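Q: here is a sequence together with a model predicted from it:
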Amino acid sequence: MTGGTDRVALRSLTGGTVSFGVDEIHGRRVVLAEISGKDRGSLRPADGENLAVAARTARDKRLPLVCFVASSGAAVDEGVGAVHGWGTAAREFVACSGVVPIIFCVTGPTVSGPALLLGLADIVVMVDDSFAFVSGPRMVSQFTGEEFSNEGLGGSTMHARTTGVAHFTCADREGTVDLIGELLSYLPDHTDAVPPCWRSGDPVDRPTPEAGDLIPTTATGSYDVRDVLSCVVDDGHLLEPREGWATNLVTALATIAGNPVGLVANQPQSMAGTLDIPASQKGARFVSFCDAFNLPLVTFVDTSGFYPGKDLEWRGMIRYGAQLAFAYARATVPRVCVTLRKAYGGAYIVMDSRYMGNDLMLAWPTAEIAVMGAKGAVEILHRDADPAERADLESSYEDRLLNPYVAAERGSVDRVIDPADTRSELAAALDVLIGKRERFPRRRHDNSPL
């Protein structure tokens with residue numbers, strides 16, 4: 001970030017707590033806005049208008065919008081006009097959604113309306129000692145009697161692990177600038193451009209036998225799926241948004257053959273890779289983000305299904321699980337899916353299966369694609385069988401149905417590949433799909449299952 005003579009400041013004489021202009025972050029031109037300054041960054045009507053103009057400028061100039069924020073909310077002494085200004089800004093941010101990348105960096109206290117803007121961003125980065133909330137500790141105490149500190153209610157750690165608001169946390173502002181620069185290196189300036197290509201000396205045809213060696217020999221064995229992803233991508237480098245939230249699903253940015261991609265993978269180390277509400281939301285939002293900015297999607301499947309439990313069902317597992325299916329089904333970017341081990345039931349379908357419309361379905365020889373595992377199936381189909389009979393039936397079920405070749409015969413899998421060929425297969429597939437285009441149906445917009 002230059003912040004010097006190269007910066008083009010806009011509306012610089014309007015005063016207030018919002019300043020913005022066209023600047024550079026690690027060589028990428030962006031519209032850079034800053035909410036801070038006097039009165040703890042409280043927003044007055046002119047500040048809301050400045051934010052709106054900043055967002056409109058980013059959209060019109062087709063440049064990423066980066067906003068550094070530390071604000072106590074609307075200025076109380078300005079009355080309802082300050083709230084109107086925030087509403088005008090929020091509308092412009094929504095108009096930017098899916099058109100240009102929106103990145104927010106929280107550098108200090110962010111309260112009320114400005115905190116809600118974080119929910120409109122594509123990526124949120126929080127400095128370690130910052131916090132954000134809609135209603136502060138005093139109001140929480142008045143209404144519920146519970147006592148919280150600012151950090152306990154809305155600190156960066158809480159938002160990184162519990163709410164998923166923070167995609168990344170950094171120790172200081174300098175660290176956030178470096179991180180934002182890296183993020184931008186994976187993204188195009190706007191939705192009509194392709195992501196920048198990286199230079200990498202990692203051979204495209206590099207064998208990856210170590211990826212297959214990571215799969216345990218037992219059905220219940222665990223492993224870290226990020227090790228598999230690191231084997232496949234260029235130079236083993238992953239940038240993982242929301243790493244601490246919904247850890248049973250991994251989402252990451254990486255490159256394959258120098259081309260940026262979005263990775264989605266079940267994580268067997270957490271909840272055995274099953275899907276729950278946070279994982280469904282995390283995956284759906286990431287898939288939608290990648291689709292908006294032309295990042296091909298590569299999905300790695302190892303899941304035994306949706307996590308069972310009355311609490312999840314009562315909280316709306318049906319609605320939230322549908323979000324992941326919805327995001328994949330409407331995605332138009334190149335989509336390749338690799339089944340590593342388990343792919344059971346509804347979770348198999350929503351993890352970008354052939355029937356969700358992916359472009360290429362690959363499977364390792366260890367893949368088990370079925371309604372459920374052998375033990376569960378036998379318990380339903382042969383309830384009266386004794387233990388010895390059940391063991392034989394389970395073995396028979398595994399031989400007949402729990403292998404990828406049966407799925408390949410039925411067209412659910414395009415090819416069963418050696419794990420050592422995973423990187424080269426993905427690179428070849430993405431190269432073929434690079435020119436993929438889809439015609440959209442004529443309608444105002446779809447109705448996402450929020």
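A: Sure thing, it's come through. Numbers count the residues shown, from 1 in each chain.
Q: any idea which helix or strand carries the most centrally placed residue in the chain?
A: For the chain, the residue nearest the mean C-alpha position is residue 286 (2.7 Å; C-alpha atoms, centre = their mean). Using DSSP states H and E, residue 286 falls within helix 277-292.
Q: which helices and strands does that helix pack with?
A: strand 249-256, strand 259-266, strand 297-303, helix 317-330 (3 or more C-beta pairs under 8 Å, 6 or more residues apart in numbering; DSSP states H and E). Where you see a C-beta, it was placed from the backbone N, CA and C, and this is true even at glycine.
Q: picking up where we left off before, residues contacting the residue nearest to the centre of the chain?
A: Shown in contact with residue 286 (C-beta atoms under 8 Å, 6 or more residues apart in numbering): 241, 242, 251, 262, 264.
Q: the second one belongs to a helix, doesn't it?
A: No. The assignment for residue 242 is coil, going by DSSP: H, G, I helix; E, B strand; the rest coil, so no helix is present there.
Q: count the neighbours of it for me.
A: By the criterion of other C-beta atoms under 10 Å, residue 242 has 25 neighbours.
Q: look up phi and psi at it.
A: Dihedral pair for residue 242: phi 50, psi 40, per degrees, to the nearest 10.
Q: that one against residue 169, yeah?
A: No. Checked against C-beta atoms under 8 Å, the pair residue 242 and residue 169 is beyond contact range at 10.8 Å.
Q: mind listing the shared neighbours of those two?
A: Taking C-beta under 8 Å, 6+ apart as the criterion, residue 242 and residue 169 both touch residue 160.
Q: and residue 315, how far is that from residue 277?
A: Look at residue 315 and residue 277: by C-beta to C-beta, to the nearest Å, they are 6 Å apart.
Q: residue 252 now?
A: 21 Å.
Q: those two: which is more packed in?
A: Neighbour count, other C-beta under 10 Å: between residue 252 and residue 277, residue 252 has more, with 22 against 19.
Q: with just CA atoms, put stretch 20-35 into CSV.
A: Extracted as CSV, the C-alpha positions of stretch 20-35 are listed here (Å, rounded to 0.1, in the frame of the first residue of the first chain):
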residue,chain,number,x,y,z
PHE,A,20,-11.0,6.9,0.3
GLY,A,21,-9.2,6.9,-3.0
VAL,A,22,-7.5,4.7,-5.6
ASP,A,23,-4.3,3.2,-4.2
GLU,A,24,-2.1,0.1,-4.6
ILE,A,25,-1.6,-2.9,-2.4
HIS,A,26,1.4,-5.1,-3.5
GLY,A,27,1.1,-3.8,-7.0
ARG,A,28,-2.6,-4.2,-7.4
ARG,A,29,-4.8,-1.1,-7.9
VAL,A,30,-7.8,-1.0,-5.5
VAL,A,31,-10.3,1.5,-4.1
LEU,A,32,-9.1,1.9,-0.6
ALA,A,33,-11.4,3.3,2.1
GLU,A,34,-10.7,4.0,5.7
ILE,A,35,-13.1,4.5,8.5
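Q: tell me what the residue nearest to residue 273 when sequence neighbours are not counted is bridged to.
A: Residue nearest to residue 273 in three dimensions, not counting chain neighbours: residue 266, with 3.7 Å by C-beta to C-beta, 6 or more residues apart in numbering. Counting by DSSP bridges, residue 266 is bridged to residue 249.
Q: residue 266 contacts residue 351, correct?
A: Yes. Between residue 266 and residue 351 there is a contact at 7.0 Å, judged by C-beta under 8 Å.
Q: give me the common contacts of these two.
A: Joint contacts of residue 266 and residue 351 (C-beta under 8 Å, 6+ apart) are 275, 301, 303.
Q: check contacts around the residue nearest to residue 296 when sequence neighbours are not counted.
A: Spatial nearest neighbour of residue 296, chain neighbours left out: residue 334 (4.0 Å); criterion: C-beta to C-beta, 6+ apart. Contacts for residue 334 (C-beta under 8 Å, 6+ apart) come out as 296, 297, 359, 429, 430, 433, 434, 436.
Q: so of these, which ones are in helices?
A: Of those, the ones assigned to helices by DSSP state H are 429, 430, 433.
Q: list only buried entries from those.
A: Buried members of the ones in helices among the contacts of residue 334, scored by 16 or more other C-beta atoms under 10 Å, are 429, 430.
Q: mind giving me CSV with the ones in helices among the contacts of residue 334 and columns for distance to residue 96 and pLDDT?
A: Output for these, formatted as CSV (distance: C-beta to C-beta, whole Å; pLDDT from 0 to 100):
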residue, distance to residue 96, pLDDT
429, 32, 97
430, 28, 96
433, 28, 95
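Q: now the ones in helices among the contacts of residue 334 in a markdown table, with distance to residue 51?
A: Below are these laid out as a markdown table (distance: C-beta to C-beta, whole Å):
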| residue | distance to residue 51 |
| --- | --- |
| 429 | 42 |
| 430 | 38 |
| 433 | 38 |
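Q: what's the closest of the ones in helices among the contacts of residue 334 to residue 160?
A: residue 430 (30.6 Å; C-beta to C-beta).
Q: which residues sit in contact with that closest one?
A: Applying C-beta under 8 Å, 6+ apart, the residues contacting residue 430 are 256, 257, 259, 261, 296, 298, 334, 336.
Q: repeat that with 10 Å
A: If you count contacts by C-beta atoms under 10 Å, 6 or more residues apart in numbering, residue 430 has them with 256, 257, 259, 261, 296, 298, 334, 336, 359, 360, 436.
Q: dump these into a markdown table; add pLDDT as well.
A: Listed next are the contacts of residue 430 as a markdown table, based on pLDDT from 0 to 100:
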| residue | pLDDT |
| --- | --- |
| 256 | 98 |
| 257 | 96 |
| 259 | 96 |
| 261 | 98 |
| 296 | 97 |
| 298 | 98 |
| 334 | 97 |
| 336 | 98 |
| 359 | 97 |
| 360 | 97 |
| 436 | 84 |
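Q: restricted to buried residues, select those in PyMOL.
A: Restricted to buried positions by 16+ other C-beta under 10 Å, the PyMOL selection for these reads:
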select buried, resi 256+257+259+261+296+298+334+336+359+360
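Q: which of the contacts of residue 430 sits closest to residue 212?
A: Of the contacts of residue 430, the one sitting nearest to residue 212 (C-beta to C-beta) turns out to be residue 298, at 16.7 Å.
Q: quick one: contacts for that closest one?
A: Counting by C-beta under 10 Å, 6+ apart, residue 298 touches 229, 232-233, 252, 254, 256, 261-265, 290, 334-338, 352, 358, 360, 362, 422, 426, 429-430.
Q: appreciated, that's everything.
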